[in-house]
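J.: What follows is a protein structure lacking sequence information:
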């Protein structure tokens, strides 16, 4: 403390506390030295899971963005060809968004793909 209170009593116990702390630290170091490493960080299963999750996220986001961009491009081209600006862009942008969401849901496994439903009885 800055005012010097309580320092005299603490100085008497300081060497014994330091010795006890050093002994505990040495025991902890010995115990840690005996534990074998479970796995290396670069090749552990956690790293593989993180990479595959990142790849899945990139794939799902590109499915959505691709649908929106394709819809906007088709709408813009239709507007230029027919002269119906901005209605083709608006309609096809919304259709591209819906198609992108549907593609994301299919890729994530939420919605079954077309043709993979139950077979009708014969």
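T.: That came through fine. Fair warning: this is a prediction, and the values are worked out from it, not measured in the lab.
J.: List the buried residues in the helix ranked longest in the chain.
T.: Secondary structure of the chain per DSSP state H: the longest helix is helix 45-82. Under the neighbour-count criterion of 16 or more other CB atoms under 10 Å, helix 45-82 has 60, 63-64, 67-68, 70-72, 74-76, 78-79 buried. (Glycine included, C-beta is placed from N, CA and C.)
J.: residues in contact with the nearest residue to residue 66 once chain neighbours are set aside?
T.: Of all residues not flanking residue 66 in the chain, residue 100 sits nearest, at 6.7 Å (CB to CB, 6 or more residues apart in numbering). Listed by CB atoms under 8 Å, 6 or more residues apart in numbering, the contact set of residue 100 reads 63-68, 71.
J.: do that again at 10 Å, thanks
T.: 60-71 (CB atoms under 10 Å, 6 or more residues apart in numbering).
J.: any idea which element it lies in?
T.: Applying DSSP states H and E as the criterion places residue 100 in helix 87-108.
J.: tell me the angle that helix makes with helix 45-82.
T.: Angle, helix 87-108 to helix 45-82, by axes from the mean of the first three to the mean of the last three CA atoms, to 10 degrees: 160 degrees.
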